[in-house]
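A.B. asks: Predicted model and sequence below, questions to follow.
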Amino acid sequence: MLKRSISDADVAGKRVLVRVDFNVPMQNGVITDDTRIHAALPTIRDLLDRGAAVILATHLGRPKGKPDPKYSVAPIAARLSELLDRRVETVSSVAGPDAESAAKQLESGQILLLENTRFEPGEETNDPALAAAFARLADIFVNDAFGAAHRTHASTVGVAGLLPSYAGLLLQREEAMLSRLLDNPERPFVAILGGAKVSDKLGVLAHLLRRVDALLLGGGMANTVLLARGHDIGSSLAEPDRVPDARSLVDKARERGVELLLPTDVVVARGLDAEAGAAVSVDEIPRDQSVFDIGPETIKRFCDQIGKAKTIFWNGPMGVFEQPAFAEGTMAVARCVAAARAFTVVGGGDSVAAIEASGIADAIGHISTGGGASLEFLEGRTLPGIAALPDA
Ligand code: ADP
Ligand code: MG
């Protein structure tokens, strides 16, 4: 059931509080990737075009409930102003009298960005007093922060209970696209899972196992599964305490008739600083070396399977793609996913970075902006930020 969205709201002349996810990566006060700001522009533009006054709220980093200039949203206001080619007002508080008077002064078509919501101790505890202070700023609440939808905070859940509330266009799109993977996906449905740790992905693996036709595992997480299958993985990253979980995953896949593809060859090296790795069979991993990527034969097997898919979900790189010597597995799989005639979804912070680096982002059906939130959604869990909004 999709949620009521801003397309259903009459916003002309109204003050609209929009919770966005502008939690962008920053280095020394400079935004290094503004994807998340771009992702919220359709909602912001739509509201402004229809005559609303827009008040934006976001968190940034982890300032632990008190003001910290390091986590001020000032650089975001500047970037947003450039992107929209409009003035963006700011205020030095999150809610309360100053924020209220700044919000009251806004006219139709104007924008105000509140300070970092996590400067308030009541944000992460979903304090009713803070939620009420947010509600006093506006007539309508819009949640467009899909990346924060798995959190029960005052600016995501609390305030939604106090104002007429709607889903933003980004949140609505995320919900629709991810739902397409869970409800009646076109078959064959192939899921590609990788990344560092199998423990991070056990929930999503268990849920997807009931829906997919094939499961392709790479990255560090596959090492634990190889370990469970009795392979010697040298000094590779693995989670030996998760071997029982990995074993039960293998058993469940067999019971359900899900094709489980593990690496049959891998790229190994003594350390991450190696200039190049060597491709070896998974039966010949040297004791003193680590697996840092999938090998060419595995790439081919994975790509054959990807080529047959009608629905693809990908989360987690196939190797340490940050190092050029170990990026080929991830880049090759990205090219195969891009070439597939399938509905494709990519989720996860590092996976999205890998897709951007591979230059094939345009060929992907949906790139999810929510790392943790998209995984929780695909685990079949109800996200509190979405649940707090009325159905369409
Ligand atoms: P995502 O953010 O897309 O969910 P993860 O955070 O789970 O992905 O994993 C990404 C990280 O996994 C990357 O930093 C990558 O270097 C690391 N990784 C992938 N394969 C390996 C491997 N074989 N050994 C060690 N680290 C790996
Ligand atoms: Mg990550």
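C.D. replies: Here it is on my side, so go on. Every value quoted in this text rests on a predicted model; they were computed, and no experiment measured them. Numbering: from 1, shown residues only. Ligands and ions are numbered 1, 2, ... in the order given.
A.B. asks: For the closest residue to ligand 2 within the stretch 151-300 of the chain, give me its contacts.
C.D. replies: Relative to ligand 2, the nearest point of the stretch 151-300 of the chain is residue 195 (6.4 Å; C-beta to the ion). From N, CA and C alone the C-beta is placed, and that goes for glycine too. Residue 195 sits next to 201, 219, 220, 221, 315, 316, 317, 348, 350, 351 when contact means C-beta atoms under 8 Å, 6 or more residues apart in numbering.
A.B. asks: isn't the first one right next to residue 347, touching?
C.D. replies: Think residue 201. No: between residue 201 and residue 347 there is no contact under C-beta atoms under 8 Å: 11.1 Å.
A.B. asks: Show me the common contact partners of these two, please.
C.D. replies: Common contact partners of residue 201 and residue 347 (C-beta under 8 Å, 6+ apart): 315, 375.
A.B. asks: Mind checking which of these two has more residues around it?
C.D. replies: Using other C-beta atoms under 10 Å as the criterion, residue 201 and residue 347 rank with residue 347 on top: 27 against 24.
A.B. asks: ok, now how distant is the spatially closest residue to residue 15 that is not a sequence neighbour from residue 102?
C.D. replies: Setting aside the residues directly before and after it, residue 15 is nearest to residue 138 in space (C-beta to C-beta, 6 or more residues apart in numbering), at 4.4 Å. Relative to residue 102, residue 138 is positioned 12 Å away (C-beta to C-beta, to the nearest Å).
A.B. asks: And those two? Which one has more around it.
C.D. replies: Neighbour count, other C-beta under 10 Å: between residue 138 and residue 102, residue 138 has more, with 23 against 19.
A.B. asks: Would you mind confirming that that one makes contact with residue 103?
C.D. replies: Yes: using C-beta under 8 Å, residue 138 makes contact with residue 103 at a distance of 6.7 Å.
A.B. asks: anything in contact with each of these two?
C.D. replies: By C-beta under 8 Å, 6+ apart, residue 138 and residue 103 have these common neighbours: 15, 55.
A.B. asks: Could you list the low-confidence segments of the stretch 201-350 of the chain?
C.D. replies: Along the stretch 201-350 of the chain, segments meeting pLDDT under 70 are nowhere present.
A.B. asks: re the thing from before, quick check on the residue of the stretch 151-300 of the chain closest to ligand 2: phi, psi?
C.D. replies: Dihedral angles of residue 195 (phi, psi; degrees, to the nearest 10) stand at phi 100, psi -170.
A.B. asks: Which pLDDT value goes with it?
C.D. replies: Looking at residue 195, its pLDDT is 95.
A.B. asks: Please name the nearest non-neighbouring residue to it.
C.D. replies: Using C-beta to C-beta, 6+ apart, the nearest residue to residue 195 is residue 316, at 2.8 Å.
A.B. asks: ok, now residue 279?
C.D. replies: residue 295 (4.1 Å).
A.B. asks: ok, now which ones touch that neighbour?
C.D. replies: Counting by C-beta under 8 Å, 6+ apart, residue 295 touches 263, 264, 265, 266, 267, 279, 280, 329.
A.B. asks: Flag every residue of the chain that's near ligand 1.
C.D. replies: Neighbours of ligand 1 within the chain, by C-beta under 6 Å from any ligand atom: 195-196, 200, 219-220, 237, 291-292, 315-317, 319-320, 322, 348-351, 371.
A.B. asks: Please parse the chain into its domains.
C.D. replies: As given by automatic domain parsing, the domain ranges for the chain are 6-170, 178-378.
A.B. asks: Tell me how far the residue in the stretch 101-250 of the chain positioned nearest to ligand 1 lies from residue 70.
C.D. replies: Nearest residue of the stretch 101-250 of the chain to ligand 1 (C-beta to the nearest ligand atom) works out as residue 195 at 2.4 Å. Counting by C-beta to C-beta, the separation of residue 195 from residue 70 is 28 Å.
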